[in-house]
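Turn this into a model:
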Amino acid sequence: MREKKLVVGLFLLLPLLLLICVFYLYPIIAMSRLSFYSTQFGFGDLKFNGLNNYVSLLSDSTFYTALKNSLVWTVISLVVQLSIPVGLAILMNQKIKGISVARSLILVPWIIPGVVVAIIWRWLLEPTMGIISQQLMSLGIISHTINFLGSRSLALITLIFVNSLKYMPFGMLLILASLQNIPKSLYEQMEVDGANFWQQLRYLIMPMIGPMIGFMGFLVLVWNFNVFDLIQMTTEGGPSNATLTIPVLIYRSAYRTFNMGQSAALSVIVIIIMVLAGILYFKFAWSGSDEV
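Numbering: from 1, shown residues only. Here you go, the predicted structure:
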């Protein structure tokens with residue numbers, strides 16, 4: 001009977017395995033194969049060139065610029081999108097009048113498509129007609145307009161801020177769901193023992209929501225490293241490669257210079273980075289969250 005259930009279970013999983021093979025496994029294999037070929041004008045005239053695509057990438061300063069920007073982008077986004085949602089979730093978990101409406105409204109940035117978000121922020125941050133520069137000038141905070149997306153020192157941090165505004169509501173939603181699973185009796189017992197808010201946060205809330213924060217951390221890590229639409233639709237990696245990240249560089253190689261072989265090699269490198277990051281994350285960060 002047990003073996004029959006196992007066979008039925010495996011049979012039911014076949015459609016999912018088929019989808020994974022068609023939409024994930026086959027493209028990865030085809031892309032890995034393409035990375036060993038040189039191409040002209042897209043996929044025309046494939047010529048085997050071994051590891052030359054990888055060697056040319058690793059000797060190109062643009063690749064290291066994109067890698068550095070991707071790491072800065074991911075690390076800062078990880079810190080912001082893990083810390084602020086915790087505070088928002090705790091606030092949204094309180095019994096306050098109108099809190100249900102606030103919970104709904106705070107999810108709006110997350111459900112808006114990335115392309116729409118990029119276009120809106122391009123208008124808001126426009127140096128001469130954008131409302132943000134105009135309002136900052138009217139309040140006397142700045143004396144002249146600021147080109148947020150055209151400044152090498154401000155462009156990356158500005159896009160990190162915009163990207164975090166979009167994805168923080170999702171993290172808040174996950175943590176809020178985890179907070180609502182904490183029994184009220186535990187809060188009451190700690191209040192009876194004289195625990196203040198910070199003690200409740202340290203000894204009750206954080207241990208209970210630690211696994212959810214660990215899970216969300218991995219999602220944030222992967223999502224942010226692979227963000228493409230926001231950067232491409234606002235700065236296209238500029239100015240002077242200040243916001244150039246790995247996904248944008250992959251797009252440039254594939255559809256600007258039509259070097260599909262090099263683009264495939266870069267994609268393989270990203271897969272390796274993501275797999276290593278996942279192994280390290282679940283070995284150290286995830287195990288640490290379980291011990292909180």
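
what's the closest non-adjacent residue to Leu78?
Val220 (5.4 Å; C-beta to C-beta, 6 or more residues apart in numbering). Just so you know, the C-beta spots here come from the backbone N, C-alpha and C atoms, and that holds for glycine as well.

now Ile131
Counting by C-beta to C-beta, 6+ apart, the residue nearest Ile131 is Leu124, at 5.7 Å.

Tell me who's in contact with the one you found.
130-132 (C-beta atoms under 8 Å, 6 or more residues apart in numbering).

returning to that earlier point: can you verify my assumption that the residue nearest to Leu78 contacts Gln81?
Yes: when contacts are counted by C-beta atoms under 8 Å, Val220 is listed as touching Gln81 (4.9 Å).

any idea which element the most centrally placed residue in the chain lies in?
Against the mean C-alpha coordinate of the chain, by C-alpha atoms, centre = their mean, the closest residue is Asn224 at 2.0 Å. Assigned by DSSP states H and E, Asn224 belongs to helix 206-225.

Dump that helix to CSV, restricted to CA.
C-alpha atoms of helix 206-225 as CSV (Å, rounded to 0.1, in the frame of the first residue of the first chain):
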residue,chain,number,x,y,z
MET,A,206,12.4,38.1,17.4
PRO,A,207,12.8,34.4,18.3
MET,A,208,9.3,33.7,17.0
ILE,A,209,9.7,35.5,13.7
GLY,A,210,13.3,34.6,13.2
PRO,A,211,12.7,31.7,10.7
MET,A,212,10.4,33.9,8.6
ILE,A,213,13.1,36.7,8.5
GLY,A,214,15.6,34.0,7.4
PHE,A,215,13.3,32.8,4.6
MET,A,216,12.5,36.3,3.5
GLY,A,217,16.2,37.2,3.5
PHE,A,218,16.9,34.5,0.9
LEU,A,219,14.1,35.8,-1.3
VAL,A,220,15.3,39.4,-1.0
LEU,A,221,18.9,38.3,-1.8
VAL,A,222,17.8,36.5,-5.0
TRP,A,223,15.2,39.1,-6.1
ASN,A,224,17.5,42.1,-5.7
PHE,A,225,20.5,40.5,-7.4
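
What segments of the stretch 51-200 of the chain are strands?
Using DSSP state E, counting those that start in this stretch, the stretch 51-200 of the chain contains no strands.

burial of Ala102, as a residue count?
Neighbourhood size, Ala102 [other C-beta atoms under 10 Å]: 14.

How about Lys47?
Lys47, neighbours per other C-beta under 10 Å, totals 10.

and what of Met212?
20.

ok, and the closest non-adjacent residue to it?
Ser178 (4.0 Å).

pLDDT at that neighbour, what is it?
On the pLDDT scale, Ser178 is placed at 89.

same thing with Arg2?
In this model, Arg2 carries a pLDDT of 74.

In this structure Thr39 contacts Asn52, no?
No: using C-beta under 8 Å, Thr39 is not in contact with Asn52; the gap is 11.8 Å.

anything in contact with each of those two?
Contacts common to Thr39 and Asn52, judged by C-beta under 8 Å, 6+ apart, are absent.

what's near enough to touch the residue nearest to Leu78?
Applying C-beta under 8 Å, 6+ apart, the residues contacting Val220 are 77-78, 81-82, 167, 171.

Save the residues you listed as JSON lines, and put in pLDDT too.
Listed next are those as JSON lines, based on pLDDT from 0 to 100:
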{"residue": "Ser77", "pLDDT": "92"}
{"residue": "Leu78", "pLDDT": "90"}
{"residue": "Gln81", "pLDDT": "90"}
{"residue": "Leu82", "pLDDT": "89"}
{"residue": "Tyr167", "pLDDT": "87"}
{"residue": "Gly171", "pLDDT": "88"}
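
circling back: what separates the residue nearest to Leu78 from Ile213, distance-wise?
Counting by C-beta to C-beta, to the nearest Å, the gap from Val220 to Ile213 is 10 Å.

between those two, what contacts are shared?
With C-beta under 8 Å, 6+ apart as the test, Val220 and Ile213 both reach Leu82.

Tell me, how many residues neighbour Val248?
Neighbours of Val248 (other C-beta under 10 Å): 22.

Okay then, goodbye and thanks.
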